[in-house]
Structures are given as structure tokens and as C-alpha cells.
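Participant: sequence plus predicted model, see below.
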Amino acid sequence: LAIILSEVYANSAMFQGLRSATSLARARKVLKPVAPARLLSNNRFAFAPSAATLNVAPAHKFQSHAAVYSRSLSTDSSKTAQTMEFQAETRKLLDIVTHSIYTDREVFIRELVSNASDALEKFRYKQASGDVTSADSIPLEINIYTDSNRKTLTIVDNGIGMTRDELIGNLGTIARSGSKNFVENLKNGDGADKSATDGIIGQFGVGFYSSFMVSDSVEVASLSASDASATAHKWSSDGSGQFTIDTVPSEEVSEHLAQHRGSRITMKLKPTCEDYADAEKIKAIIKRYSSFVAFPIKVNGEAVNVVQAIWAKEKTAVTEEQYDDFYRFIANTYDKPVYRLHFRADAPIELKCLFYVPRFHSEKFGMGRTEMGVNLYSRKVLIESKPKDLLPEWLRFLKGAVDSEDLPLSLSREKAQNSNLVRRIKEVVTRKFLRFLSDEMKNNPASYREFYLEYHMFLKEGVCQDYAFMGNLSKLLLFESSSVENDVISLDDYISRCTPEQKHIYYLVAPNREAALNSPYYETFKKHKIEVLFLYNTIDDFVMNNIKEYGGRSFISAETSSVDLSKEGSLTSKDGEDEESGDKKDDKKAAVKALSDSEAEDICAWLTVTLGSKVKSVKVTKRLSDSPAIVTDHESGALRRMMKMVEQANAGRKEVDALPAQTMEINPSHPLIVALYQLKDNPGSVASLVAQQLLDNCLMQAGLVEDPRYMIPRLNDLLLATATHHKNELDYDKKTQA
């Protein structure tokens, strides 16, 4: 049994299994005893093992790596054996390569520039190794010429060039990569300089055919620098399945190849693609995809790629000016970045990364969601612009580049091929950046606070959305605290000040610090001298609910009814009173006598009836000192507001706007509660109005009232009652005096 199998490219999906030309050579060797395959009519062919058949006439068929296989149909010698041939429709195959691989046809510029760069890299290596000699001192570069009158686009390099056989082998054989063969030969050679392969870009041998996406015909003139006696040849094709090889007359060599080596590609553009004869469009494409190719690129004599790929250099080899220039190029801005992170990583594959944190971001100005800002490169050539899966979305404010020479790519080189590998890269670079922020937070707190002030919302978004990095992000959060003025603290700072008995981390959501300090929910913490984190942003409530626990302590909202500070190692005096013991408290106690237990139960029952469906229960609390009442165990005001934004389609419905019944807790020693108890049974009194306003005051303290205008009629009634009462007192005093 003999099976001789080479790649058959019947559709674009099969290109991902490409192998080197080694398999083709093996197939040829084994096929020698087999009857030669024949060229078939109708542009169909079977692989002919002898390369000599290609050199008989100036017109040739494109070849794919199809092969003949021979296998026995039965082990029984009485059965006849058959030899069968693989066949491929070359025109259809070329059409697949040309039109089905690439999603954006402008990448043909990237592919051809990459090929030119490889040719220059090969010449530089061979010149350094002594394989070729050149007396000229002409710089290695890529020149592109546009001609809007003739509707042509020409790309010229003064690299290694190709012989006649190399033109046939490299351009006449689909999916044969000369660059890949060059790299493999270097790697297999004894004593070869392995670093010489770093600048080679090509892998698959199909990039050249992308030129047919925009061209009716393509002509390649080339003169090899490896053979001093070589003559220039011209390869041409219209992409229909055939190509022509011809010799360039000596008197025309200077016209085609002014530097007497290298290659010149001339494309006659399709009528629908004549815009590629516009120099500005070509410049824009080069800046997008090929700005960091190692060799100068000129369009009609003007240098285009003036910024270097500094991420590929060692940090010590890059100046501050180069860092700033690259930042301005990649971020399209003129400010200086807050942070810069330049590093290399070896796992899961070798990575070269350079990240910048801009000084400002535009989302805070309501300019829409920022798009991802880090590009993916391979060997300094853009593979994917701002891919969404390279970094977590909450890091979309970063600008920069990630480059990998070993990244497996799709055939079009427009996307990484291995999604699992990309996920691992994402984890590696994200953890590296978070470690960087952690170090900055510890070593340079002032600059970190400047960063945090601008980008804290992105970190909090990560806490809420990205469970994998929630723990790392939690360490980077900063909050105002009841114990520290004009500064912020981390969660580690908070825990370091906790007593061993304190099992919770307490937080209070408020509009600002003044509102938090005057909040009735803070009174008991102030009394027990327990630190509370003050949160001012809508998302902060979600952050705490997502973290749930930190350093072995759970997060508890100060607005929860279950707050019990008696077991939290409070710093109050032994009698349970706080240190405020001046005349003010004594005056209050002397002026107002607190309700007894039975009176307190009575007022609670009355409030439950009076407030009706607005409350589910009213009870006495000992946590209040200066406030008459609060509501507890209510839904988050921030959550409610965000839910209403999501449900704007239901605006106006009562079930959306209506608050659920609340749990109300009253302070039986507060003068207002005592006075209300005395008024509640008097007919014609304002007790009912006071009770309703008392509840609304509690709701406003909890952040549950979005539009307080509905209170205005009731407040007017209360003002009228107050004014009338005082007028009656004045009238009574006048009568008495009279």
C-alpha cells in the first residue's frame, strides 16, 4: 500500500492546514516510478512531478500542491489495481485564493509590502553572510508609485530579486512560500544566524495573489541579486489560470529595475478599484497596516512610515522622545500619557507589548463608548486593528501594541487562528498591567491617585463584569472614609485599622461627604467610632455587591437594619455612650422626655395605620441619636435609578414608578416623635400630614425619591397650619394683654 498525499486546496477552509514545500518534494520523489501526470484540457490538471515541463513554453498553468496517489483496491492478487488522479480546477482555486480569503481588499497593499520587506530582509542577510556582493550604497527601501492617468499601481523593492525558475516556482505555484522556505533553510542550516529570521513576514504563499482582488492584470519584473550573470525576467498574468514568462530586454532593465536588482510589481487596476491609484489612499493604508515595517516605504518619493516599532526594541534602546512620538502616533493625541508600560513575556508565546494610559478619556464628556485602543501585530505588521478579544473591555482606555512573531494566524493574516491562545495572551497581558498598577499604587501613590481619579469607573466596571480579575481589581480601588479627610484609602488600609472583632466592612452611599456625615445611617457608627467607607458614584453599590467579601470580611451597607455594632469591637466608653457629653445632650434630655415602651408601641401602630400601604412595618430603633426616623432594608437607590433607565419603554406606568412598602424605624426619644405622639389623637391636627412628610424625609435620606415635587401641596398645607397656629397664638396674646 502506497499513499502519496499532498495538500488539495478545494476551498478556503482547507488552507489552514498548509505545510511547507517539503511534502511536495517528497511527493515528487515517490512519484518518479509512477506514470507522469498530464495536463488536462479545460484548465484542469494533475500534478506533473517533473519541474522541467514548466519550462518548455512561455505560457504555463498555475499549479497547486495536488498529487497523484496509488493504492490497491484489494489485498487479493486476483483483483485489479487502479491508479487514480487528484484533479483541481486551477481557475476556481485561484479565485478562492483571490476573493474568499480576505475580508477587506485593501490588505493587498499590506501583503505586497510584506513580500517586498521579505525580499529586502533576504538581501540584507545574504549580503551580510557574503552570499551576494553589492558595490552600491543605495539604501534598502520600498517605493510605491501611483498613476491615476494610466490607472496603475507599482511597487518596487531593491531586495534579493528572483530568477526565472524562482518566478515560476514562487508565483506560478499557489501556496508555496519562498519566505517560509528561506526561514526553514536557515533554521536547518549548521551555524546559521537564527536571529536573521526575525524580520521575515511571509508564511503561506498566498499574499501575492491578493493583488488580483483589485487588478485586471499583474506584471512582475525581477532580477536576482544572487546570480551576477542572471538576466531579468518578467512574469505576467490576468489571474485566469495561466501566466507568461518572458525575458526583459537588456535595454529595458533600467526602466523596470533602476537599481539592477529586486522586483517591480505593476498592477493594472480594475475599473471598480481605480481609487487605489490615489496616493493619499495608499498612504493611509500603509499607515494603518505597514507603518512599522523595518524598511523605509515611500509613496511617489514621500516617506510614509516614519515612526519606528519601538515595542520590539529593548527599553534601554528607546529614548523618551521616541516613546512620546509613538504615543502621539498610536493615540492620535498631543498630550503626555499618565503611564507607560513596556515589557516582554515568554508565555504562552513570546510577546512584545507597549501600553500607554492617556491623560484623559472621552467617555466622561458623553462622547460615547471608547473603542479598544491596542493593535495586534505579528513581526511589526498589523494583523488586527483594535481587536475586541485581545484585552478585557474595561481596559479599552489603553493605547498601544501587542506583537508576537509566533502567533498562529489565519490564512488571510487578518486574525489570530487559535482563540484559546488569544485568551491566554489576554490573561497574561492583563495580569501584567494590573501588577504594574499595584506597584504604582504602592510606590507612587500621588501619580496613582491621578490615574484613579480619571479611570476609576473602568476599574469598577471590571469588578462588576470580569470575575477572573475581580480580586486583583478590588485591591486597586480607593474610597473616601469617615476616618480620613481630604484623602482616600484602599480596602487594605481599611482592614488594617479594624479591630480583630470587626467582621464586616461598612459602606454608605451618599451624594457627597457632607451628606454622608449628616446621614442618619451614619449616626450609630459615629457613636461607636467605627470607620465607614463613603461611596459617591452610582456604580459603587454594584461594586460592593459584586465583591461581597474582602480580606475575610463581608461588605455591609450602613442602611441595612441588621447592623449590630455591639459585637464589632467598638471604641465607645464602657457605659456605651460616645465621648460627646456636653451640655447639648443634657439640654435635650431635660427638654424632651422619651416615650415609654408602651407609648412607642402605640405610635408605631398609629403610623402603620396612617401610612397604610406605604409601609410594611414600623418599629423602634436604638441606632438613631439626632434623627427622628429612617427606612431600612430598602432597595438600592442607585439600582432603582439604573433599572428605570433600562425600563424607559415603560415610563409612566405606576408599577415602574411605585416604591415597594418600606420598613420604618423611629427614634422614640426624638422631639418630633414625642410631639407626633401627643398630636395623633387630636381631631383636626396636622398629625397625618406630619407622618406622611416624615416618611418622605426618610425616603429622601435613602436616595429613593427622584422627583420631590409631589410633596409641595403637603408642604404648603404644613406651612399654612404652622403659620395659622402662630397667628392664633399672637392673637391670643394680644387679647390677653388687652
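Facilitator: Structure received.
Participant: any stretches of the stretch 501-650 of the chain with poor pLDDT?
Facilitator: Where the stretch 501-650 of the chain drops to pLDDT under 70, the residues are 567, 569-592, 634-650.
Participant: try it again at 80.
Facilitator: Within the stretch 501-650 of the chain, the segments meeting pLDDT under 80 span 564, 566-592, 633-650.
Participant: all helices for it, in order.
Facilitator: 513-517, 523-528, 540-547, 583-591, 597-611, 637-646 (DSSP state H, counting those that start in this stretch).
Participant: again with the stretch 301-450 of the chain
Facilitator: Under DSSP H, counting those that start in this stretch, the stretch 301-450 of the chain gives helices at 320-331, 419-443, 445-465.
Participant: got TSV for those, with distance to Asp696 too?
Facilitator: All C-beta spots, glycine's among them, are computed from the backbone N, C-alpha and C. As requested, the helices of the stretch 301-450 of the chain are exported to TSV (distance: least, CB to CB, whole Å):
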stretch	distance to Asp696
helix 320-331	49
helix 419-443	42
helix 445-465	31
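Participant: these two touch, right, Asp335 and Val357?
Facilitator: No: with contact defined as CB atoms under 8 Å, Asp335 does not count as touching Val357 (11.1 Å).
Participant: secondary structure class of the residue nearest to Met213 when sequence neighbours are not counted, three-state.
Facilitator: Sequence neighbours aside, Arg105 is the residue nearest to Met213 in space, at 4.4 Å (criterion: CB to CB, 6 or more residues apart in numbering). Of the three states, Arg105 takes coil under DSSP: H, G, I helix; E, B strand; the rest coil.
Participant: can you pull the contacts of Arg105?
Facilitator: 210, 213-214, 273 (CB atoms under 8 Å, 6 or more residues apart in numbering).
Participant: can you give me the pLDDT of it?
Facilitator: Model confidence at Arg105, expressed as pLDDT, equals 89.
Participant: the stretch 51-200 of the chain: strands as residue ranges?
Facilitator: 59-61, 68-71, 82-85, 88-89, 142-147, 152-157 (DSSP state E, counting those that start in this stretch).
Participant: going by mean pLDDT, which of these comes out lowest?
Facilitator: Going by mean pLDDT, the lowest-scoring of the strands of the stretch 51-200 of the chain is strand 68-71, which has a mean of 36.
Participant: quick one: low-confidence ranges for the stretch 51-200 of the chain?
Facilitator: Scanning the stretch 51-200 of the chain for pLDDT under 80 picks out 51-100, 130, 133-137, 172-200.
Participant: helices of that one, start to end?
Facilitator: Shown for the stretch 51-200 of the chain, the helices assigned by DSSP H, counting those that start in this stretch span residues 90-99, 107-128, 164-171, 178-188.
Participant: tell me the buried residues in the shortest one?
Facilitator: Residues of helix 164-171 classed as buried under the neighbour-count rule (16 or more other CB atoms under 10 Å) are 164, 166-171.
Participant: and it, what does it pack onto?
Facilitator: Counting contacts by 3 or more CB pairs under 8 Å, 6 or more residues apart in numbering; DSSP states H and E, helix 164-171 packs against helix 178-188, strand 215-223, strand 233-237, strand 242-247.
Participant: let's go with 6 Å and repeat that
Facilitator: strand 233-237 (3 or more CB pairs under 6 Å, 6 or more residues apart in numbering; DSSP states H and E).
Participant: can you state the direction angle for the strand it packs on and helix 164-171?
Facilitator: On the basis of axes from the mean of the first three to the mean of the last three CA atoms, to 10 degrees, strand 233-237 is oriented at 30 degrees to helix 164-171.
Participant: would you give the sheet partners of strand 233-237, along with the direction of each?
Facilitator: strand 215-223 (antiparallel), strand 242-247 (antiparallel) (DSSP bridges).
Participant: so which of these is nearest Ile630?
Facilitator: strand 215-223 (76.4 Å; CB to CB).
Participant: please identify the buried residues of the closest one?
Facilitator: Buried residues in strand 215-223 (16+ other CB under 10 Å): 215, 217-223.
Participant: what angle do it and helix 107-128 make?
Facilitator: Counting by the same axes, to 10 degrees, strand 215-223 lies at 10 degrees to helix 107-128.
Participant: got the CA coordinates for strand 215-223 in PDB?
Facilitator: Output in PDB follows, covering the C-alpha atoms of strand 215-223 (Å, rounded to 0.1, in the frame of the first residue of the first chain):
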ATOM      1  CA  SER A 215      -6.200  44.200 -10.700                       C
ATOM      2  CA  ASP A 216      -7.200  43.100 -14.200                       C
ATOM      3  CA  SER A 217      -3.600  42.100 -14.800                       C
ATOM      4  CA  VAL A 218      -0.300  41.900 -12.800                       C
ATOM      5  CA  GLU A 219       3.200  42.100 -14.100                       C
ATOM      6  CA  VAL A 220       6.300  41.200 -12.100                       C
ATOM      7  CA  ALA A 221       9.700  42.100 -13.400                       C
ATOM      8  CA  SER A 222      12.600  40.800 -11.300                       C
ATOM      9  CA  LEU A 223      16.400  40.500 -11.400                       C
END
